[in-house]
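> From the sequence below, what's the structure:
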Amino acid sequence: MAEESKPGLRKPVFTKVEQLRPGTFGHTLTVKVVSVKMVLQKGRADGPQVRQMRIAECLIGDETGLIIFTARNDQVDLMKENTTVILRNAKIDMFKGSMRLAVDKWGRVEVTETADFTVKEDNNLSLIEYELVNVVEE
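Now for the predicted structure:
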């Protein structure tokens with residue numbers, strides 16, 4: 001009885017990089033890692049457990065374009081160059097007016113088999129600068 005009342009899992013809708021827009025979330029993408037650059041790596045030994053904080057900026061993309069993905073802590077280990085990853089429940093963060101893709105505690109990063117697409121490297125969405133405009137309605 002309990003199994004029948006449980007709703008079935010929805011099939012994920014995969015998004016392409018060129019469809020990403022500022023302020024959006026809940027994206028599922030299959031992308032290739034083009035490059036990885038460590039931005040921050042520091043350990044804290046002042047608490048009961050030794051915690052290390054790591055942040056890497058990874059250039060990722062698919063056949064429609066590129067975007068910078070901000071990998072945090074354990075995600076950094078999964079983001080190796082030329083690997084294909086599936087980002088589930090990813091969101092767009094704005095950093096200095098440009099888009100960054102991120103996966104928080106509600107999403108996941110998983111390595112998958114190599115995808116058979118070529119990354120379109122001349123359409124980097126993180127190079128587009130956005131400006132917040134307040135619209136006053138009268």
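> beta partners of the nearest residue to Asn123 once chain neighbours are set aside?
When the adjacent residues along the chain are set aside, Asn123 lies closest to Gly65, with 3.6 Å between them (Cβ to Cβ, 6 or more residues apart in numbering). Quick note: C-beta positions are derived from backbone N, CA and C, even for glycine. On the basis of DSSP bridges, Gly65 is bridged to Asp62.
> any low-confidence regions in this structure?
Low-confidence segments of the chain (pLDDT under 70): 1-8, 43-51.
> ok, longest strand in the chain?
When the chain is parsed with DSSP state E, its longest strand is strand 25-44.
> mind checking how far it is from the chain centre?
Centre-to-centre, strand 25-44 and its host chain are 6 Å apart (Cα atoms, centre = their mean, to the nearest Å).
> which outside residues touch stretch 92-110?
Applying Cβ atoms under 8 Å, 6 or more residues apart in numbering, the external contacts of stretch 92-110 come out as 20-25, 27, 29, 57, 60, 67-72, 75, 78-79, 85-91, 125-131.
> For that stretch, buried residues please.
For stretch 92-110, the neighbour count (16 or more other Cβ atoms under 10 Å) marks Ile92, Asp93, Ser98, Met99, Arg100, Leu101, Ala102, Val103, Gly107, Val109 as buried.
> Next one: the third one relative to Lys16, how far apart?
Pointing back at Ser98 there. 19 Å (Cβ to Cβ, to the nearest Å).
> And the last one, by the same measure?
Counting by Cβ to Cβ, the gap between Val109 and Lys16 amounts to 18 Å.
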